[in-house]
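*Asks:* no sequence for this one, just the structure:
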């Protein structure tokens, strides 16, 4: 059974930074493409950033230049470095693992999900 466990969320002021981590338990990280999604109250879950098995990255236009996704296969961990945070970035952030071999941006492409970590940005 595959488990994903996120950490690193919290309260930060506008313009601040946070780094989210997601540990994959039960399977080797290198088997999957990985992604970060977020969901704000009253809104649908949206794609934030993804990273392929070979390290290629892709992200939503709303976070380009501010958020960076990375992976450490040796630690079975995927990260999301978030800089220049804005109030509109406030949401519950989820990491997810996908067995597909393409740049997966849809929720349906991902099989395994973490429980989420809250990011709050004060203005």
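*Replies:* Received it, and whenever you're ready, just let me know what you need. Given the structure is predicted, the values throughout are model-derived calculations rather than measurements. Numbers count the residues shown, from 1 in each chain.

*Asks:* which stretches in the chain count as strands?
*Replies:* Secondary structure of the chain (DSSP state E): strands at 3-7, 10-13, 18-25, 33-39, 46-51, 57-59, 67-72, 77-82, 91-98, 112-113, 117-122.

*Asks:* want to throw the ones you listed into TSV with distance to residue 105?
*Replies:* For the C-beta atoms, the positions are set from N, CA and C on the backbone; glycine is no exception. TSV is the format used below for those (distance: least, CB to CB, whole Å):
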stretch	distance to residue 105
strand 3-7	18
strand 10-13	26
strand 18-25	17
strand 33-39	8
strand 46-51	4
strand 57-59	7
strand 67-72	13
strand 77-82	15
strand 91-98	10
strand 112-113	15
strand 117-122	20
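
*Asks:* wait, which of these is closest to residue 106?
*Replies:* Residue 106 sits nearest to strand 46-51 of all these, at 7.2 Å, using CB to CB.

*Asks:* between the closest one and strand 67-72, how many degrees?
*Replies:* 40 degrees (axes from the mean of the first three to the mean of the last three CA atoms, to 10 degrees).

*Asks:* could I get the buried residue list for strand 46-51?
*Replies:* Neighbour-count burial for strand 46-51 flags 47-51 (criterion: 16 or more other CB atoms under 10 Å).

*Asks:* on contacts alone, who are the packing partners of it?
*Replies:* Packing partners of strand 46-51 (3 or more CB pairs under 8 Å, 6 or more residues apart in numbering; DSSP states H and E): strand 33-39, strand 57-59, strand 67-72, strand 77-82.

*Asks:* look up how far residue 10 lies from residue 107.
*Replies:* Noted for residue 107: a distance of 24 Å to residue 10, by CB to CB, to the nearest Å.

*Asks:* surely residue 81 touches residue 67?
*Replies:* Yes. Applying CB atoms under 8 Å, one finds residue 81 in contact with residue 67, separated by 6.7 Å.

*Asks:* out of those two, which sits in the busier spot?
*Replies:* Between residue 81 and residue 67, residue 67 has the larger neighbour count (other CB atoms under 10 Å), namely 22 against 15.

*Asks:* can you get me a residue count around the nearest residue to that one once chain neighbours are set aside?
*Replies:* The shortest distance from residue 67 to any non-neighbouring residue, by CB to CB, 6 or more residues apart in numbering, is to residue 82 (5.1 Å). Other residues within reach of residue 82, judged by other CB under 10 Å, total 26.
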